[in-house]
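Chemist: test case, fold it:
(chains A and B)
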Amino acid sequence: MNMQISRLVLGRLGVAFVTLLIVSFVVFAATQMLPGDVVQILLGQAATPEAVAALREAMHLNDPAILRYGHWLIGLAQGELGNSYANDMPVADLIGGRLANTLMLAAVTAAVAVPLALFLGITTAMYRGSVYDRIITMGIVAVISVPEFMIATLAVLTFAVWLKWLPALSFANEVTSVTEMLRVFAMPVITLCCVISAQMIRMTRAAVIDALKMPYVEMALLKGASRRRMVLRHALPNAIGPIVNAVALSLSYLLGGVIIVETIFNYPGIAKLMVDAVSTRDLPLIQTCAMIFCLGYLLLITLADIIAILSNPKLRK
Amino acid sequence: MTNKSVTNWTSRDDAMVENAMRRGATRRDLLRMFMAGGVSLAAGGTILGRASAALAATPVRGGHFKAAGWSASTADTLDPAKASLSTDYVRCCSVYNRLTFLDETGTVNMELADSIDTSDAKVWTIKLKSGVTFHNGKSLTAADVVYSLNRHLDENIGSKVNSIAKQMVEIKAVDPLTVQITLVAANADLPTILSMHHFMIIAEGTTDFSTANGTGAFKVEVFEPGVKSIMVRNENYFKSGGAHLDSFEYFAISDDSARVNALLSGDIHLAASIKPQSIRLVESQSGFDLSTTTSGNYTNLNMRLDMSPGDKAGFIEGVKCLLNRELIQKSVARGLAEIANDQPISPMSPYYNAELKPRAYDPEKAKSLFEKAGLLGQSIPVVASEAATSSIEMATLLQQSGAEIGMKFDIQRVPSDGYWSNYWLVAPIHFGNINPRPTPDILFSLLYDTNAPWNESQYKSKKFDSMLVEARGELDFAKRKTIYDEMQVMVSNEAGTAIPVFLSNVDAKSSKLQGLKANPLGGQMGYAMAEYVWLEA
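Modeler: This is a model prediction of the structure:
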């Protein structure tokens, strides 16, 4: 079994390497297709041809783009992320604090959303067709259908502007106590939970219901196992594979896709940094952010696969 | 205080009255203004009382002021030469000083300079104030000024005002507190030019802008590009008393409604530049008010004179007649605009030509002009984008007016990303957006001179160019005004730039925040508010 997992991890590492390479090239190519370059964006309306030429020269941007991409790739191989074009600060410094903020928000959201989703998913499967199941399922459909900017804005209007219970902005770096943290994270976390748990709940429910239809569950029933034992002991272990994958997909979204929440709550995370980088055509920064998102995604998926293999005797031979 | 006898009176009008008072209107002038507007004498008195109270409050020391602008990015900078976003301006104004600054009436005041003199408008002698120190304790000398100004001439720096600075052919230190600037040709506006935000004075030899060593009222404590900056009071500030605030925090919330919500929930004291749509929400809550500035920002429709259809006689005049300025003012800007007359100098400027009336909305005249130009019935493409404020709404109005007389305008809506390099100045008919500039000379040289870098409609007139040079060297105000008056008429009639309205900037703020005044250089007191405002307990 250990052999199989290490083979999987090694294989995944190889795939990850190739994927990262391809992604970085695609991102590079896409950036080249955007109108204007960093110099034109920085100079804005003041971009006269002479000013553009001079600044390009000063910023060493006269090399062909593909060559600069090559330099960046070689630098990356040596663990050097390079400097941002827009402000000449090391990319590592720019990303560091904001990556920590993003991970923090993702961790808090996951800590709330995953147990909640599993609980709701499993219980709705257990009491399929009941009033409870219907209410929860309807609720989920409603939540999925409302876009997150709407949930976020409504939350701000209600809790910050009207009731004045919570701050409208979330500054991760101002947190000094646990109560403070709860107040600051409350609204972004509620919003994100709405977005990501819906999918997890539905996947969990479907997977558990699937497992419950299996003959061995019927056998357990005939043997007189309680409903709880039937679900938790017999059906759930076999449903873990799809559930973990659904959780991994939802969590990978938290790494790079929370731009709307970051914008509305003014949370200095990495998604907004990436958007900034794209709008200033800051290639090293765009590439590094893309690498982080891609790496996070691959990591989560691999982890989900390992858990699925461990949980399923059929898969580990 | 309730204003029982006035209906339809909003804080917008309060702001207008305050503005008028600052411009020097007497009580009698204002009451006459109210009478003309149908406001009774008694009610007028109430309004005046409120406006005077707002102007006469006493500053309170202390407090942490939090304000949010609308734009920030990883390109945020503490280098004044590169400042481009409003957040950069606000930050730079709080930590650096300029040689001169413009007060709320547009008059030049001395800041780091003690005096600026010239006899021929070509060679200027600037005496510096003594006893001014940088945050690191170094004294301000002429060498710092020379270094700061010379940076704009170095093309490797990428200064935003390189084209304006180029006229300074020699900048030298005469003695430790005297600088002499020689211009390539006479320019009486130099003191005003030096009040522009990019001409902030930094210490000689500064190349690292991860923090700021300025002479300003605040020192940088935290500076994170694209996130926030925190400034604390400089206790050794050269102006007596220094800043009222203990500290000042500035960041950007790009989403308009999120910015307003942050203000209303009490997280920030000021939300800069809010959209007209949010104004009613702020006005309906107690404890908040608005600060309105009409400082000369405009969105204009540019029709290139060297391309079809702008080269057909009568077409441009027709479009200018077809722009329903009143409707643009009322519906697009929701009343927060002043009607303009197709030339770039705003009513706030002392050089504004009040004789030149805006064109009336006249679709019939437009129709006959288009017919004469042989264009009636053709489809004319107009490029608009979110990048140029309100341009899409203006284009839609033009399209509707056109449809009524059988003229088809085809609106091509393009993304804001890359708009300034790909469409602006390029497309035959497109929208532009011009920020306020302090002098007519800068506006005309930048936008209408034959060789102007931003000649939006490719307007070329030898007569105009020579008048521009003549006015530039003229030290007598009345004579300059006569020349500028005529130039405004020329631009309005001949150039292909239709300027329908000057857009107002509206900052929403908590009523606790006091001391904020309008300034011709833009909202937030020309971005320099940090030094002047205070927080009431």
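Chemist: grab the nearest non-local neighbour of residue A:271.
Modeler: residue A:259 (4.2 Å; C-beta to C-beta, 6 or more residues apart in numbering or on different chains). All C-beta atoms are positioned from the backbone trio N, CA, C, and that covers glycine.
Chemist: report how many residues lie close to the one you found.
Modeler: Neighbour count of residue A:259, defined by other C-beta atoms under 10 Å in any protein chain shown: 16.
Chemist: from chain B, how far off is it?
Modeler: To chain B, residue A:259 is 11 Å away according to C-beta to the nearest C-beta, to the nearest Å.
Chemist: that residue and residue A:278 touch, don't they?
Modeler: No: the criterion here is C-beta atoms under 8 Å, and residue A:259 misses it with residue A:278 at 10.9 Å.
Chemist: for residue B:188, helix, strand, or coil?
Modeler: Under DSSP: H, G, I helix; E, B strand; the rest coil, residue B:188 falls in the coil class.
Chemist: so what's it up against?
Modeler: Applying C-beta atoms under 8 Å, 6 or more residues apart in numbering or on different chains, we find residue B:188 in contact with B:121, B:472-475, B:480.
Chemist: what about the closest residue to residue A:303 other than its chain neighbours, how many neighbours?
Modeler: Using C-beta to C-beta, 6+ apart and skipping the chain neighbours, the partner closest in space to residue A:303 is residue A:248 (6.6 Å). Close neighbours of residue A:248, defined as other C-beta under 10 Å, add up to 19.
Chemist: need phi/psi at the residue of the stretch 401-537 of chain B at minimum distance from chain A.
Modeler: Residue nearest to chain A within the stretch 401-537 of chain B: residue B:418 (3.2 Å; C-beta to the nearest C-beta). Per-residue torsions, residue B:418: phi 80, psi 10 (degrees, to the nearest 10).
Chemist: that one contacts residue A:34, correct?
Modeler: Yes: the criterion here is C-beta under 8 Å, and residue B:418 meets it with residue A:34 at 6.9 Å.
Chemist: of those two, which one has the most company?
Modeler: residue B:418 (20 against 14).
Chemist: can you tell me the closest non-neighbouring residue to residue A:242?
Modeler: Counting by C-beta to C-beta, 6+ apart, residue A:207 is the residue found nearest to residue A:242 once chain neighbours are left out, at 4.3 Å.
Chemist: where exactly do the strands run in the stretch 51-200 of chain B?
Modeler: Using DSSP state E, counting those that start in this stretch, the strands of the stretch 51-200 of chain B run over B:64-69, B:100-102, B:108-110, B:113-118, B:123-128, B:168-175, B:178-183.
Chemist: out of the ones you listed, flag the one nearest chain A.
Modeler: Short answer: strand B:64-69, nearest of the strands of the stretch 51-200 of chain B by C-beta to the nearest C-beta, at 7.8 Å.
Chemist: other SSEs contacting the closest one?
Modeler: helix B:86-95, strand B:247-252, helix B:256-264, strand B:270-271 (3 or more C-beta pairs under 8 Å, 6 or more residues apart in numbering or on different chains; DSSP states H and E).
Chemist: contacts only, for the closest residue in space to residue B:536 that isn't next to it in sequence.
Modeler: Closest residue in space to residue B:536, ignoring its immediate chain neighbours: residue B:512 at 4.7 Å, by C-beta to C-beta, 6+ apart. Residues near residue B:512 by C-beta under 8 Å, 6+ apart: B:269, B:287, B:535-537.
Chemist: report the central residue of chain B.
Modeler: residue B:436 (3.0 Å; C-alpha atoms, centre = their mean).
Chemist: residue B:359 versus the closest residue to it other than its chain neighbours, what's the distance?
Modeler: Leaving out its chain neighbours, the residue that sits closest to residue B:436 by C-beta to C-beta, 6+ apart is residue B:296, at 3.7 Å. Here the criterion is C-beta to C-beta, to the nearest Å. By it, residue B:296 lies 19 Å from residue B:359.
Chemist: of all of the stretch 151-300 of chain A, which residue lies closest to chain B?
Modeler: The stretch 151-300 of chain A approaches chain B most closely through residue A:160 (3.6 Å), counting by C-beta to the nearest C-beta.
Chemist: you'd agree that residue is in a helix?
Modeler: Yes: judged by three-state DSSP, residue A:160 forms part of a helix.
Chemist: give the contact list for it.
Modeler: Counting by C-beta under 8 Å, 6+ apart, residue A:160 has contacts A:166-168, A:187, B:261-262, B:264-265, B:267.
Chemist: adding neighbour count, write those out as JSON lines.
Modeler: Compiled in JSON lines, the contacts of residue A:160 are given as follows (neighbours: other C-beta atoms under 10 Å in any protein chain shown):
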{"residue": "A:166", "neighbour count": "21"}
{"residue": "A:167", "neighbour count": "21"}
{"residue": "A:168", "neighbour count": "27"}
{"residue": "A:187", "neighbour count": "25"}
{"residue": "B:261", "neighbour count": "24"}
{"residue": "B:262", "neighbour count": "25"}
{"residue": "B:264", "neighbour count": "26"}
{"residue": "B:265", "neighbour count": "21"}
{"residue": "B:267", "neighbour count": "20"}
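Chemist: quick check: the farthest pair among those?
Modeler: The distance between the two most remote of the contacts of residue A:160 (C-beta to C-beta) is 14.7 Å, for A:187 and B:264.
Chemist: quick one, grab the pLDDT at the closest residue to residue A:166 other than its chain neighbours.
Modeler: Leaving out its chain neighbours, the residue that sits closest to residue A:166 by C-beta to C-beta, 6+ apart is residue A:159, at 4.5 Å. Looking at residue A:159, its pLDDT stands at 88.
Chemist: low pLDDT regions in chain B?
Modeler: Within chain B, the segments meeting pLDDT under 70 span B:1-56.
Chemist: and it, what are its domain boundaries?
Modeler: B:6-56, B:294-503 (automatic domain parsing).
Chemist: what is the longest helix along chain B packed up against?
Modeler: Counting residues, the longest helix in chain B under DSSP state H turns out to be helix B:477-494. Helix B:477-494 sits against helix B:440-447, helix B:462-472, with contacts defined as 3+ C-beta pairs under 8 Å, 6+ apart.
Chemist: with distance to residue B:489 and mean neighbour count added, can I get these in a markdown table?
Modeler: Formatted as a markdown table, the helices and strands packed on helix B:477-494 follow (distance: least, C-beta to C-beta, whole Å; neighbours: other C-beta atoms under 10 Å in any protein chain shown):
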| stretch | distance to residue B:489 | mean neighbour count |
| --- | --- | --- |
| helix B:440-447 | 13 | 23 |
| helix B:462-472 | 11 | 16 |
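Chemist: mind putting those helices into JSON lines with distance to chain A?
Modeler: Below are the helices and strands packed on helix B:477-494 laid out as JSON lines (distance: least, C-beta to the nearest C-beta, whole Å):
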{"stretch": "helix B:440-447", "distance to chain A": "10"}
{"stretch": "helix B:462-472", "distance to chain A": "19"}
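Chemist: I'd like those as TSV, with distance to residue A:7 appended.
Modeler: Supplementary listing: those in TSV, determined by distance: least, C-beta to C-beta, whole Å:
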stretch	distance to residue A:7
helix B:440-447	67
helix B:462-472	78
